[in-house]
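[1] What shape does this take:
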Amino acid sequence: MQKILFGTANKEKIRHIRHILSPFSIEIIDPIQLGLKLEVTEDGDTPEKNAIKKAIAYYQTSGLPSFAIDSGLVISGLSNKEQPNVFVRRICSQEQEVTDQQIIDHYVKKIRSVGDSTFGTWHNCIALVHSEAAPLLHSWQMEVIFTSNQSQKTTPGAPLNSIMCDLDSRCYFSDMAYMDRPDSRAIMSFFDHNLDEW
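    Here you go, the predicted model:
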């Protein structure tokens, strides 16, 4: 079974990816299993640049095929200056760590400034590096609804899931099964189309 390293230390993201890719003949390895504590500075101005940088760094460090996922966010009603873009979690400064609840509180305040709810667009990119060749890339957008009414269920490591609803079902992401989420379908499609190429 092919081992692939997922370049993140976020346990929720690892759990999500392992679950949705379980039908594939691959084993998802995380940095903790390898004893890796890799700090990659995400200084790109697009999800593509950050995903590529992380995937290359993990591949070069581990020698394993490696992939990374990065995102940017645009929220309807906010000014250009207020948009999170690629700094979704960096709400104070690039050096300062914040808690999940601080992130929720920050975005609830932003949403309330434009109404009880508003639309948001995630700009996502997955980058996979398995050789010295150019990374395999897939970018996609995901439209969601943000609400100032927080769900009673939260997702540690993915705080915005509790104030973000699926556009079709209107369900909170924190209440949805992994396989039902639109981001899951995009990631599964990427691996389905690319695994045979290497």
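[2] From now on I want contacts and neighbour counts done on CA atoms only, so please keep to that.
    Fine.
[3] Other residues contacting stretch 103-112?
    Leu78, Arg89, Ile91, Ser117, Thr118, Phe146, Thr147, Ser148, Asn149, Pro159, Leu160, Ile163 (C-alpha atoms under 8 Å, 6 or more residues apart in numbering).
[4] Next one: the last one from Met1, what distance?
    Distance of Ile163 to Met1, computed by C-alpha to C-alpha, to the nearest Å: 38 Å.
[5] Among the contacts of stretch 103-112, name the ones in helices.
    Among the contacts of stretch 103-112, no member falls in helices (DSSP state H).
[6] My guess is Leu5 contacts Ser66. True?
    Yes - between Leu5 and Ser66 there is a contact under C-alpha atoms under 8 Å: 4.5 Å.
[7] The two: who's more crowded?
    Ranked by neighbour count (other C-alpha atoms under 10 Å), Leu5 and Ser66 place Ser66 first, with 28 against 24.
[8] what about Lys81, distance to Ile14?
    Distance from Lys81 to Ile14, by C-alpha to C-alpha: 32 Å.
[9] Compare the two and say which is more crowded by neighbours.
    Ile14 (16 against 7).
[10] how far out from the middle of the chain is the strand or helix carrying the more buried one?
    Secondary-structure element containing Ile14, defined by DSSP states H and E: helix 11-20. Mean C-alpha position of helix 11-20 versus that of the full chain (C-alpha atoms, centre = their mean, to the nearest Å) differs by 11 Å.
[11] re the thing from before, find the residues that touch each one of Leu5 and Ser66.
    In contact with both Leu5 and Ser66: Tyr58, Tyr59, using C-alpha under 8 Å, 6+ apart.
[12] Sketch out the low-pLDDT regions of this structure for me.
    Residue ranges of the chain with pLDDT under 70: 92-96, 197-198.
[13] now the strands for it?
    For the chain, the strands defined by DSSP state E cover 2-6, 26-29, 66-75, 117-129, 136-147, 164-166.
[14] Against Leu5, how distant is Pro65?
    6 Å.
[15] Mind listing the residues bridging to the nearest residue to Ser76 once chain neighbours are set aside?
    Distances taken as C-alpha to C-alpha, 6 or more residues apart in numbering put Phe119 closest to Ser76, at 5.4 Å, once the chain neighbours are dropped. Phe119 has these beta-bridge partners by DSSP bridges: Ile145.
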